[in-house]
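Asks: here you go, sequence then predicted model.
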Amino acid sequence: MAIMAKEPTIRLTDEQIEHYHREGYLAIPNLMPLEEVEWMRDIYDRLFTQQAGRKVGDQFDLAGVDEEGKEAKLPQILGPAKYAPELLQAQLIVNANACVKQLLGDEAGCGDAHMIFKPARTGAPTPWHQDEAYWDPTQEYNSLSVWVPLQPATLENGCMQFIPGSHRWEIQPHQPIGNDPRVHGLEMIEIDASLAVACPLPPGGATFHHNRTAHYTGPNVSDIPRRAYILMGGLPSKPREVPLRFPWNEMKQTARQERAEASR
């Protein structure tokens, strides 16, 4: 079992904080103790093997139509601490909270989390998108994601890639992957991927990116699974003076949505 220290064990530098605000993302080589990575990886694998939360819509295929009995292209679990509360005792949580406060202010902190798994040799790409394109278009956000690999993250297995400065963009047009309303995942309709910067990481490193930063991870063509644990952090959202509309979410008719509604 991981032992949670009372204090964070890392602190961002002024240069790192400035990089995040200038470019919309930041990569650091360590956010959690190496001894904690293996402990968390065991929990991670158990939750995916059990398909934790599937009946209530928390486990689903992000990149496919999520049919029962078929191998998922890009399995995801929402709110994994509901199924493994010990995750909240990780030193990772303490360190991530401290970094989020450095980046966004003392009122900010980490909230929910999710896990995205790319199976060895078959894990699908996560197409270019902005996280906010999934969210409530009536709200205004100042949030970020903390993306943590539990093994080396490389170009071959799907490390994070970003478009520098894209956090200053408005929300770009998106659609469900393949323009299929049965698929939960989104993709930007137009993107100049030649501008991308890849961020390979060691196990337990992390990237931080703003809710509007365009990002992507490639397919896993390696011989090892790619495990990513993603924490959500930020300030409380507030209502927009002029609400937006995200028609790409209105058109969705997913199996995940049906299971979530049936469970309620």
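Replies: Received, thanks. Residues are numbered from 1 along each chain as shown.
Asks: tell me how far the residue lying closest to residue 164 once chain neighbours are set aside lies from residue 151.
Replies: What sits nearest to residue 164 in space, not counting adjacent residues and going by C-beta to C-beta, 6 or more residues apart in numbering, is residue 23, at 4.4 Å. Just so you know, the C-beta spots here come from the backbone N, C-alpha and C atoms, and that holds for glycine as well. Distance, residue 23 to residue 151, using C-beta to C-beta, to the nearest Å: 25 Å.
Asks: got the CA positions of stretch 88-103 in CSV?
Replies: Taking C-alpha atoms only, stretch 88-103 is exported to CSV below (Å, rounded to 0.1, in the frame of the first residue of the first chain):
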residue,chain,number,x,y,z
LEU,A,88,-6.8,8.7,-3.1
GLN,A,89,-4.0,7.9,-0.6
ALA,A,90,-1.3,8.2,-3.3
GLN,A,91,1.5,10.7,-3.0
LEU,A,92,0.6,11.5,-6.6
ILE,A,93,-2.5,13.2,-5.4
VAL,A,94,-0.6,15.4,-2.9
ASN,A,95,2.0,16.4,-5.5
ALA,A,96,-0.6,17.1,-8.3
ASN,A,97,-2.7,19.3,-6.0
ALA,A,98,0.4,21.3,-5.1
CYS,A,99,1.3,21.8,-8.8
VAL,A,100,-2.2,22.8,-9.8
LYS,A,101,-2.3,25.4,-7.1
GLN,A,102,1.1,26.8,-8.3
LEU,A,103,-0.3,27.0,-11.9
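Asks: off-centre distance for it?
Replies: The chain centre lies 16 Å from the centre of stretch 88-103; the measure is C-alpha atoms, centre = their mean, to the nearest Å.
Asks: what residues of that stretch count as buried?
Replies: Residues 90-103 are the ones in stretch 88-103 that count as buried (16 or more other C-beta atoms under 10 Å).
Asks: perfect, that will be all.
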